[in-house]
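Asker: Provide a 3D model corresponding to the input given below.
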Amino acid sequence: MRKLAFLLCIVANFTFVQAQNSEKELVQNTEKAVKKINDTIEEEGWKAKGTVSLLLNQSSFNNWIAGGEDSFSGTLGINYDFNYKKDDLTWDNKLLASYGLLQTKNTDFGKKTDDRLEFNSILGKRAFGEWYYSYFVNFRTQFTTGYIYGQDANGKEIRTEQTKFMSPGYLTTGPGIYWSKDDNLKINFAPLTSKFTFVDNAYTSGIDRFTGLPYVDGDYFGVDEGKTMRYELGFYASVYYKLAIMTNVTAENTLNLYSNYLEDPQNVDINYSLNIIMKVNKFLSANFAFQAIYDDNAFRGLQTRQVFGLGINFGF
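Answerer: Just a heads-up that it's a prediction; the model follows:
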């Protein structure tokens, strides 16, 4: 009730200021109100922060002899942390979401430049020193349908559906031990980790839509014919490291490793992400994102993605 009364007082104060003060005073009072709420949350052990970024790129040509094609692309991203720390208990949570589209003038389809939805959570209870007994959850999927693009016999662009939301979807979870020096360096080891891979059985039944032949067990993200899930038990390790390269330039690194005890343990799954933010001012920054994945059940090779651009950032 005290929290509710506190919030109602803030809303009432905000309304009064809006009616009587200038725009500058309104912004100042709003910031103070938000700070009060954040301070109250932090007193209870919670600390939350996040950023929303929008990257835009556009090119246009008119009678340009050197050649070129009109295009427009945009990527929206969210990076949000909400963490709890009190006494000998910690609980770190991170939500990562990004989605981008590219449209060029002479193509029939818009194409994705980014599509990611990921949630990480790790609960720790201090064991000794900087070590904690831990339990973690990692969930990954995508927002919309993914396609493989090609051309038909007449040269017209065509596309074949390959993936979609929760196909695949990954859930990785297990107990372990966790070391953390500070908020910028965290390491977790989980020797008994369960990994679930979820797919739509439309991709694992009947004729393989990519080869035109009967579906073979394991061809689609390691899932057997007619099934919707693959289970693995193995060893999981993760490292998070954030550093300041120079003034207003930070790099955030995340490395996840997984080895399946039940099948080909020598084939280690690797998922590495790098996010560099070069801050221009409070709202503008140049953002560079890179991700590399090796998972032989998904693709027998290295998958990479890279996004770079000048973006608008809003912190909250």
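
Asker: okay, now residue 135: neighbour count?
Answerer: Using other CB atoms under 10 Å, residue 135 has 17 neighbouring residues. In short, each C-beta sits where N, CA and C put it, glycine included.

Asker: same question for residue 150.
Answerer: Close neighbours of residue 150, defined as other CB under 10 Å, add up to 10.

Asker: what's the next secondary structure element after the strand or helix carrying it?
Answerer: In the assignment (DSSP states H and E), residue 150 maps to strand 146-151. Proceeding N to C from strand 146-151, the next assigned helix or strand is strand 157-163, under DSSP H and E.

Asker: for the one residue sitting closest to the centre of the chain, which non-adjacent residue is spatially closest?
Answerer: A centroid search over the chain (CA atoms, centre = their mean) returns residue 96, at 3.1 Å, as the residue closest to the centre. With CB to CB, 6 or more residues apart in numbering as the criterion, residue 96 has its nearest non-adjacent residue at 4.4 Å, and that residue is residue 118.

Asker: so which strand or helix has the one you found?
Answerer: Using DSSP H and E, residue 118 maps to strand 111-128.

Asker: now swap in residue 314 and tell me
Answerer: When secondary structure is defined using DSSP H and E, the element that contains residue 314 is strand 299-315.

Asker: mind pulling up the pLDDT for residue 80?
Answerer: Residue-level confidence at residue 80 comes out at 95, pLDDT.

Asker: just give me the neighbour total for it.
Answerer: Considering only other CB under 10 Å, residue 80 is surrounded by 16 other residues.

Asker: state whether it is indeed within a strand.
Answerer: Yes. The assignment for residue 80 by DSSP: H, G, I helix; E, B strand; the rest coil puts it in a strand.

Asker: could you check how far it is from residue 236?
Answerer: 23 Å (CB to CB, to the nearest Å).

Asker: now do residue 96
Answerer: 18 Å.

Asker: try residue 128
Answerer: From residue 128 over to residue 236 the distance is 22 Å, taken as CB to CB.

Asker: of the two, who's got more company?
Answerer: In this view residue 128 and residue 236 are compared by other CB under 10 Å, and residue 236 has more residues nearby, 23 against 6.

Asker: now that one: how far from residue 256?
Answerer: Residue 236 sits 7 Å away from residue 256, taking CB to CB as the criterion.

Asker: check residue 54 too.
Answerer: As defined by CB to CB, residue 54 lies at a distance of 27 Å from residue 256.
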